[in-house]
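Q: Sharing a model that was predicted from the sequence below.
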Amino acid sequence: MELQKMNGHSRDDGFDGLDSMAERDEFLPHKSGGKKEIHFTDFEGKTSFGMSIFNLSNAIMGSGILGLAFAMSNTGIILFLILLVFIAILSSYSIHLLLKSAGVVGIRAYEQLGKRAFGHPGKMLAACIITVHNIGAMSSYLFIVKSELPLVIQTFLGKQENTGEWFLEGNYLIMIVSAAIILPLALMKQLGYLGYTSGFSLSCMVFFLISVIYKKFNILCPLGEEYHNVTEPAEDFTSSNGTDEFCEAKMFTINSQTAYTIPILAFAFVCHPEVLPIYTELRDATKKRMQTVANISILAMFVMYLLTALFGYLTFYAAVEPELLHTYSRVDPLDTLILCVRLAVLVAVTLTVPVVLFPIRRAVLQILFPEKPFHWARHISIAICLIFIVNLLVIFVPSIRDIFGLIGATSAPSLIFILPGIFYIRIIPEEQEPLLSRPKIQAACFAALGFIFMVMSLSFIIIDWVTGEARSGGGH
């Protein structure tokens, strides 16, 4: 079976073919013992190319898409486009570093790369960062469910206000959603099985995008005095654009909120904890094939991010708010299309939670049960505990946005920039690439860029806390 796979990959020509052979060598039986060396993620991948793209795209797609129009309003169209292109290219390069490091040592788990690079401390560091970051992401998704689902149900029932029934209580609703939808999907044995739900989740976000484009041609600017009074608190932003030019698109804008949009855009492509699990389960996996999955996913999300931000911004201009759906609802609270869009976004973020949970469970297994084979009891109990913890956070911690803002400012640049860069430097043998070779120098600069992003993001958050200003950004 292994030889057949080798023959199948030998069709790749040039160095890609050699890379595939070298990568597969790590999984071949050793001649001496006749037994295959066991790796944590070592099993034959069964997930198709298309399903892998759906899963990775769903991992990239975050709740932050709702804040991208606001980000564009604070940077201008040209600066936003430059930043988005720059971050997309860096994200693709980061995945290249991860895949090359994984291919050299025959390991397809982020935590095991940490162990190979820095021993047990490196493994624990990677596992903890993944756990903390993804718990933050899961919490942000469930916060959307907690805040938006009661409003959707209330509108469907024709109620003008929340009258206090249990089915309009957000805390009850997230527990029901977690138990009825998220938990059953999280109990799947392999991440690849979620390709269908990921595809449906992405189709919901495509519907959201189409609706944003459609609404551009149905909402006229200016929006009227009543709306301007509602959004009056955003003084910094309104004054920076000028009320006389309220409906004019800015190509390049710098204001007091611009600095906050840079970390939002930088973290818009965070999917790195999911890359290696998806790589593990990819059918006929090679670095070239997985890099193609990553590039297509990043390109698809780049297009969705750009179009959503552009048409959302060109609809509301200076009146756009940090949460785009909230802006539409202020214009027409009873709009049936926007109600359907809100429901689609709720479905999308709910179906994303199980995809985000898989890397956390893998990290927990690496920390607590590194040598144990798969067991259903552990698999199920860890999923239940994680969902329970995230529900508690969403229910009982009112200021969780700032807490996870702090976590995101440290974990996201670590996962995107710092860890892939330093792992690459440590893992790639010096006889293959000397320390002062161009690839390793690039990786070192990449890791340094991550430290800059981390310091910058933490500085913004601390300044925000000290000055007491309201946070204005969205998360991944």
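A: Structure's in. What do you need? Keep in mind that this is a model prediction, so the values were computed, not measured.

Q: going forward, measure contacts between C-alpha atoms and count neighbours the same way
A: Fine.

Q: Now for residue 181: which residues touch it?
A: When contacts are counted by CA atoms under 8 Å, 6 or more residues apart in numbering, residue 181 touches 350-351.

Q: And it, how far from residue 137?
A: Taking CA to CA, to the nearest Å as the measure, residue 181 falls 17 Å from residue 137.

Q: Residue 388 too?
A: In terms of CA to CA, residue 388 sits 15 Å off from residue 137.

Q: Compare the two (neighbour count), which wins?
A: Shown here are residue 388 and residue 137; by other CA atoms under 10 Å, residue 137 has more neighbours (23 against 15).

Q: Look up phi and psi at residue 375.
A: The phi and psi values for residue 375, taken as degrees, to the nearest 10, are phi -140, psi 130.

Q: can you give me phi and psi for residue 109?
A: Torsion angles, degrees, to the nearest 10, at residue 109: phi -140, psi 130.

Q: same check, this time on residue 220
A: Per-residue torsions, residue 220: phi -90, psi 150 (degrees, to the nearest 10).

Q: Neighbours of it, how many?
A: Look at residue 220: counted by other CA under 10 Å, it has 12 neighbours.

Q: now do residue 83
A: Neighbour tally, residue 83, other CA under 10 Å: 15.

Q: I'd say it and residue 265 touch.
A: Yes - in this structure, residue 83 is within contact of residue 265 by CA atoms under 8 Å, at 7.3 Å.

Q: Which residue, other than its chain neighbours, is closest to residue 353?
A: Distance criterion CA to CA, 6 or more residues apart in numbering; nearest residue to residue 353, sequence neighbours excluded, is residue 138 at 5.6 Å.

Q: Let me know the helix or strand that that neighbour is in.
A: Assigned by DSSP states H and E, residue 138 belongs to helix 110-156.

Q: For the helix or strand following that helix, what does the pLDDT average out to?
A: Once helix 110-156 ends, the next helix or strand along the chain (criterion: DSSP H and E) is helix 170-177. Helix 170-177 comes out with an average pLDDT of 90.

Q: Now the element after helix 170-177, going C-ward?
A: In N-to-C order, the element after helix 170-177 by DSSP H and E is helix 183-186.

Q: residues in contact with residue 251?
A: Listed by CA under 8 Å, 6+ apart, the contact partners of residue 251 are 75-79.

Q: Reduced to three states, what does it come out as?
A: coil (DSSP: H, G, I helix; E, B strand; the rest coil).

Q: still on that earlier bit, now the buried members of the contacts of residue 251.
A: 75-77, 79 (16 or more other CA atoms under 10 Å).

Q: before we move on, back to that, can the contacts of residue 251 go into JSON lines with extra columns for pLDDT?
A: Output for the contacts of residue 251, formatted as JSON lines (pLDDT from 0 to 100):
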{"residue": "75", "pLDDT": "88"}
{"residue": "76", "pLDDT": "88"}
{"residue": "77", "pLDDT": "90"}
{"residue": "78", "pLDDT": "93"}
{"residue": "79", "pLDDT": "90"}
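
Q: Now compare those and name the two farthest from each other.
A: 75 and 78 (7.9 Å; CA to CA).

Q: can you list residues touching both of these two?
A: 251-252.

Q: can you tell me how far residue 67 sits from residue 154?
A: With the distance defined as CA to CA, residue 67 ends up 24 Å from residue 154.

Q: Tell me which of these two has more neighbours.
A: residue 67 (27 against 17).

Q: Surely that one is within a helix?
A: Yes - counting by three-state DSSP, residue 67 is located in a helix.

Q: Was I right to think it contacts residue 324?
A: Yes - in terms of CA under 8 Å, residue 67 counts as a neighbour of residue 324; the distance is 6.2 Å.

Q: quick one: common contacting residues for the two?
A: Counting by CA under 8 Å, 6+ apart, nothing touches both residue 67 and residue 324.

Q: Please list the members of the contacts of residue 251 that lie in helices.
A: If you go by DSSP state H, the contacts of residue 251 have 77-79 in helices.

Q: Among the residues you listed, which one lies nearest to residue 126?
A: In terms of CA to CA, no member of these lies closer to residue 126 than residue 79, at 33.0 Å.

Q: contacting residues around that closest one?
A: Residue 79 touches 251-253, counting by CA under 8 Å, 6+ apart.

Q: okay if I get those as TSV plus pLDDT and distance to residue 366?
A: Shown next, in TSV, are the contacts of residue 79 (pLDDT from 0 to 100; distance: CA to CA, whole Å):
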residue	pLDDT	distance to residue 366
251	86	48
252	85	46
253	82	46
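
Q: want to try TSV for those residues, with distance to residue 307 as columns?
A: Rendered in TSV, the data for those read as follows (distance: CA to CA, whole Å):
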residue	distance to residue 307
251	15
252	17
253	19
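
Q: the helices in the stretch 151-300 of the chain, which residues?
A: Per DSSP state H, counting those that start in this stretch, the stretch 151-300 of the chain carries helices over the ranges 170-177, 183-186, 195-216, 225-230, 235-241, 258-266, 272-281, 287-316.

Q: Out of these, flag the one nearest residue 366.
A: Residue 366 lies closest to helix 272-281 among the helices of the stretch 151-300 of the chain, at 13.1 Å (CA to CA).

Q: between that closest one and helix 110-156, how big is the angle?
A: Taking axes from the mean of the first three to the mean of the last three CA atoms, to 10 degrees, one finds that helix 272-281 is oriented at 110 degrees with respect to helix 110-156.

Q: mean confidence for helix 272-281?
A: pLDDT averaged over helix 272-281 gives 83.

Q: tilt between that helix and helix 287-316?
A: Orientation of helix 272-281 against helix 287-316 (the same axes, to 10 degrees) gives an angle of 140 degrees.

Q: Buried ones in helix 272-281, by neighbour count?
A: So for helix 272-281, counting by 16+ other CA under 10 Å, buried means 272-281.

Q: Could you do stretch 179-193 as well?
A: Within stretch 179-193, judged by 16+ other CA under 10 Å, the buried ones are 182-183, 185-187, 190-193.

Q: Please apply the same query to stretch 200-219.
A: Those would be 200-202, 204-206, 208-213, 215-216, for stretch 200-219 by 16+ other CA under 10 Å.

Q: CA atoms only for it, dumped as PDB, please.
A: Provided in PDB are the C-alpha atoms of stretch 200-219 (Å, rounded to 0.1, in the frame of the first residue of the first chain):
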ATOM      1  CA  PHE A 200     -22.500  24.800   4.300                       C
ATOM      2  CA  SER A 201     -21.000  27.400   6.700                       C
ATOM      3  CA  LEU A 202     -19.100  29.000   3.900                       C
ATOM      4  CA  SER A 203     -22.200  29.000   1.700                       C
ATOM      5  CA  CYS A 204     -24.000  31.000   4.500                       C
ATOM      6  CA  MET A 205     -21.100  33.600   4.400                       C
ATOM      7  CA  VAL A 206     -21.400  33.700   0.600                       C
ATOM      8  CA  PHE A 207     -25.100  34.600   1.100                       C
ATOM      9  CA  PHE A 208     -24.000  37.300   3.600                       C
ATOM     10  CA  LEU A 209     -21.600  38.700   1.000                       C
ATOM     11  CA  ILE A 210     -24.200  38.600  -1.800                       C
ATOM     12  CA  SER A 211     -26.600  40.500   0.500                       C
ATOM     13  CA  VAL A 212     -24.000  43.100   1.300                       C
ATOM     14  CA  ILE A 213     -23.500  43.700  -2.400                       C
ATOM     15  CA  TYR A 214     -27.200  43.800  -3.100                       C
ATOM     16  CA  LYS A 215     -27.900  46.300  -0.300                       C
ATOM     17  CA  LYS A 216     -25.300  48.700  -1.700                       C
ATOM     18  CA  PHE A 217     -27.700  49.400  -4.500                       C
ATOM     19  CA  ASN A 218     -30.800  49.600  -2.300                       C
ATOM     20  CA  ILE A 219     -29.600  51.900   0.500                       C
END
